[in-house]
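Student: turn this into a structure:
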Amino acid sequence: MGVSLQISIWTVSTVIFLVYLVEPLVILRFVAVQFISIVASVAVARWMFQQNCRTSRLQLWNTLLSYVDSFRRSAEYRSHSLSIAHELEECKFREDTLYRLLFNGQERLETSSSNDRRDFLLAAPAAPCITREMEGIPEIAIPLALSMRKADLITAARAAERIRDPRCFVPSPFARPTHRAIARAVLAHLSPTSSIPVCHSYGLRDFYIDMRRAFPELQLYTVMPAEPQVGHTCVSSGLTPDEEYCRTLGSLFCVYWLARVGIDGEYGFCFGVDDSWVPRNSPTAAEVKANPELEMRQRFFERQEWQGLQQLLIDAQMLHDKDGKIGVNVEMMTAMLVLTAIHDVFKAEALLPKVRPEHAPFHGFVGGDVINDHDLAMYYVLEHYPEVLPSFAALDEAQRHAVLFTQSKMSFNHGWLVQAEAPPHALFFKFKKVVAAGNANPAEISFYFAHWLTDLAGARPTPLEGCEKLVLAFPHRVLGSFIRSFHVLSDLATETETQVFESYLENYWEEEVGPALGLLALPQGEHAIALMRLMCQAQMPDKQAALCKAWELLVPDDKRVLCEEMARTGFPNQIYTRSPSRRLEGPAILVYYSPHLIRMLTPCSALEALVILAEIYRRARELWPLTSIQADDDETNDAPLNTVTIRVDQIKELTVEMIRAVYANGDSWLLCKRNKLEAVVECHAIDYISELTNQGSAAAVLKLWRRRGGMDSSCNSSLLLIPEKE
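Tutor: Numbering: from 1, shown residues only. Presented below is the predicted three-dimensional model:
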């Protein structure tokens with residue numbers, strides 16, 4: 001209305017103006033043009049209004065349709081979620097069916113943590129419970145726990161024979177295993193003559209299925225007592241039965257991957273397997289940069305000397321090398337698979353045997369004692385009841401001998417060797433006795449260490465993620481020393497304990513110390529053995545360099561003590577060739593945890609570390625004066641006085657300042673003699689000395705307060721030695 005009024009006023013005013021100024025004909029023409037313009041404007045405005053209305057109605061309609069579609073899709077989603085839930089239930093049923101088909105009707109352990117699509121086959125098998133009346137009686141308890149199942153050594157031998165079969169395909173990294181694919185694998189295993197097309201490679205899943213079908217003893221890892229203690233796992237390791245079972249699988253998979261070095265074993269060892277159980281490839285540079293764990297795996301993959309690991313299996317006669325072509329020794333590989341499958345079954349405490357009176361004494365156990373050491377329990381059963389473990393019973397004589405050799409008690413501490421912590425007697429004497437008594441050859445010794453390595457590799461219960469204990473949790477430098485030591489120990493069959501130990505020290509110097517520090521010439525002279533042992537104990541180049549500099553600053557008396565005591569062998573007829581002085585008296589001194597102490601104090605306090613170590617040796621020698629030692633051939637004496645042990649547990653984690661602060665507080669560090677073979681470094685008040693005197697115990701005050709600039713070279717000025725009662 002307002003617009004029309006304005007137009008009318010404008011029109012009237014315009015006409016009046018033109019009447020006075022313009023001719024009538026012109027006015028008429030002008031009016032006609034204006035009228036036409038006005039009509040056109042009104043028509044355009046009306047058309048635009050209609051268009052806007054139409055667009056608004058369309059938008060409103062589309063909005064309404066979207067709401068309707070949302071409600072419809074929401075209903076579809078709810079229906080789909082219900083369908084997925086039903087499918088999951090069906091999958092669970094199919095998984096249980098496949099599990100029973102593959103593993104001879106066995107049921108899965110209900111508490112098993114292996115429940116996803118990739119891992120469900122790893123679920124531990126359920127086993128019968130052992131009643132209290134059957135505990136300690138292996139000839140009754142074990143067959144019951146095995147449900148009277150028998151071993152299938154034909155399948156085990158087939159696994160050993162095919163363990164190096166090459167890969168023939170690499171599935172897509174995005175592929176996930178379907179139950180259809182798994183079912184086809186099941187049919188292929190259950191029916192070797194099936195016409196179903198399958199790949200002719202031998203993958204990890206095939207290997208695992210063969211292990212389960214071959215070794216019924218894998219069921220023993222989940223054996224529980226009928227009346228378990230509340231809050232107790234009933235497994236000596238403190239893990240759950242399912243975790244202990246998975247650790248054994250990790251050891252078996254380590255055997256598989258080591259046997260396949262040069263094919264794809266390195267990748268499985270370091271990176272584990274994907275959803276199809278195929279070894280993962282190396283990660284990309286971007287993935288390594290973004291993930292510290294992948295960086296550690298890639299570093300291990302690149303730095304590990306894979307040929308050395310393969311050579312260990314060749315030395316153990318599990319593999320053979322003919323003209324550069326690696327093949328499998330089926331008999332020894334089968335023996336290793338049997339050993340790996342059964343070696344930890346007595347961690348299930350319900351299966352621990354009691355010593356029968358006719359078998360007593362057995363390694364210190366009398367009749368009726370429960371053997372709580374799972375390794376010794378295994379040795380007892382293998383020696384007296386071999387038939388209760390069907391896989392072991394099915395081996396031939398040579399295979400049994402190799403397995404028994406690994407289970408015998410050799411009192412061998414591998415860390416003592418790698419870190420040069422112990423003298424040759426403590427290191428090798430019992431080990432060599434076992435070698436001599438069993439007529440073990442170098443191949444059986446290598447077999448023992450191959451088992452030791454695979455056992456360590458499976459220490460984490462994550463078998464499909466690779467050998468994580470070695471790859472992620474073990475210093476690579478230390479692992480390298482361990483692996484090098486395997487080949488050195490094979491010489492025990494033909495050389496003396498001291499010769500083997502000295503060879504190890506020389507090899508370590510040439511391969512590690514010399515290149516790192518530029519000391520290419522091997523040490524020779526009175527200081528040689530002490531210096532080489534100290535380098536092994538330090539392990540890392542910066543600590544080794546600091547010890548070399550500190551060695552030159554030692555006062556003569558401290559240097560003399562270290563040279564003499566660290567070069568004693570514990571044998572009356574063995575000496576080192578590089579430190580040829582005839583130090584035939586004894587006992588030799590083993591300072592337990594000295595490598596830990598050395599590494600704790602170096603490189604910043606390397607000189608103080610050597611001074612403290614010399615003081616410990618000095619006071620230990622005063623508690624055990626030098627005397628002639630026996631040839632140690634009497635097997636009835638379990639603890640001949642050829643080596644004594646000094647434990648430094650209480651100071652191995654302390655700094656120099658913390659060690660010296662004890663004296664400022666009025667206390668003192670004492671070396672207390674516990675028995676004829678052991679002494680312990682302990683912190684006590686000064687008045688505790690009188691109590692020790694009354695008890696008739698021997699002890700010595702350690703002078704650990706001496707400082708770098710004012711070191712006293714006298715040995716007797718401030719020593720308090722408490723005599724031991726006869």
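
Student: now Ile130: phi and psi?
Tutor: The phi and psi values for Ile130, taken as degrees, to the nearest 10, are phi -110, psi 120.

Student: where does the closest residue to it other than its chain neighbours land on pLDDT?
Tutor: Of all residues beyond its chain neighbours, the one nearest Ile130 is Ala350 (4.2 Å), with distances taken as CB to CB, 6 or more residues apart in numbering. Backbone N, C-alpha and C define where each C-beta goes, glycine included. pLDDT, Ala350: 89.

Student: distance of Ala350 from Glu302?
Tutor: As judged by CB to CB, to the nearest Å, Ala350 and Glu302 stand 45 Å apart.

Student: more neighbours, those two?
Tutor: Comparing Ala350 with Glu302 by other CB atoms under 10 Å, the one with more neighbours is Ala350, at 24 against 9.

Student: just for the stretch 601-726 of the chain, where's the confidence low?
Tutor: For the stretch 601-726 of the chain, the stretches flagged by pLDDT under 70 are 631-640, 706-726.

Student: show me where it has helices.
Tutor: 606-623, 656-664, 688-695 (DSSP state H, counting those that start in this stretch).

Student: the helix or strand Asp542 falls within: which residues count as buried?
Tutor: Using DSSP states H and E, Asp542 maps to helix 541-553. Neighbour counts over helix 541-553 (16 or more other CB atoms under 10 Å) mark 541, 543-548, 550-551 as buried.

Student: C-terminal to it, what's the next element?
Tutor: helix 556-565.

Student: who's in contact with that next one?
Tutor: By CB atoms under 8 Å, 6 or more residues apart in numbering, the residues outside helix 556-565 that reach it are 526-527, 529-530, 534, 551, 554, 579, 581, 583, 588-589, 610-611, 613-615, 617-618, 620-621, 711, 713-715.

Student: alpha carbons of it, as CSV, please.
Tutor: Taking Å, rounded to 0.1, in the frame of the first residue of the first chain, the C-alpha atoms of helix 556-565 are listed here in CSV:
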residue,chain,number,x,y,z
PRO,A,556,100.2,-50.7,44.0
ASP,A,557,98.6,-52.7,46.8
ASP,A,558,95.1,-52.5,45.4
LYS,A,559,96.4,-53.4,42.0
ARG,A,560,98.3,-56.4,43.5
VAL,A,561,95.2,-57.7,45.3
LEU,A,562,93.0,-57.5,42.2
CYS,A,563,95.7,-59.1,40.0
GLU,A,564,96.2,-62.0,42.4
GLU,A,565,92.7,-62.8,43.5
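
Student: and it, average pLDDT?
Tutor: 93.

Student: try stretch 493-501
Tutor: 88.

Student: ok, stretch 586-600 next?
Tutor: On average, stretch 586-600 scores 91.

Student: same question for stretch 222-234.
Tutor: Per-residue scores along stretch 222-234 average to 72.

Student: now do it: distance from first to last residue.
Tutor: Counting by CA to CA, to the nearest Å, you get 9 Å between the two ends of stretch 222-234.

Student: stretch 312-328 now?
Tutor: Stretch 312-328 has an end-to-end distance of 13 Å (CA to CA).

Student: mind listing what's buried along it?
Tutor: In stretch 312-328, counting by 16+ other CB under 10 Å, buried: 312-319, 326, 328.

Student: closest to Tyr448 out of the residues you listed?
Tutor: If you rank the buried residues of stretch 312-328 by distance to Tyr448 using CB to CB, Ala316 comes first, at 8.3 Å.

Student: my read is that that closest one contacts Met332, right?
Tutor: Yes. The pair Ala316 / Met332 is scored as a contact, 6.6 Å apart, by CB atoms under 8 Å.

Student: touching both of these two, which residues are there?
Tutor: 443, 447.

Student: before we move on, the earlier item: buried ones among the contacts of helix 556-565?
Tutor: Judged by 16+ other CB under 10 Å, buried ones among the contacts of helix 556-565: 526-527, 529-530, 534, 551, 554, 579, 583, 588-589, 610-611, 613-615, 617-618, 620-621, 711, 715.
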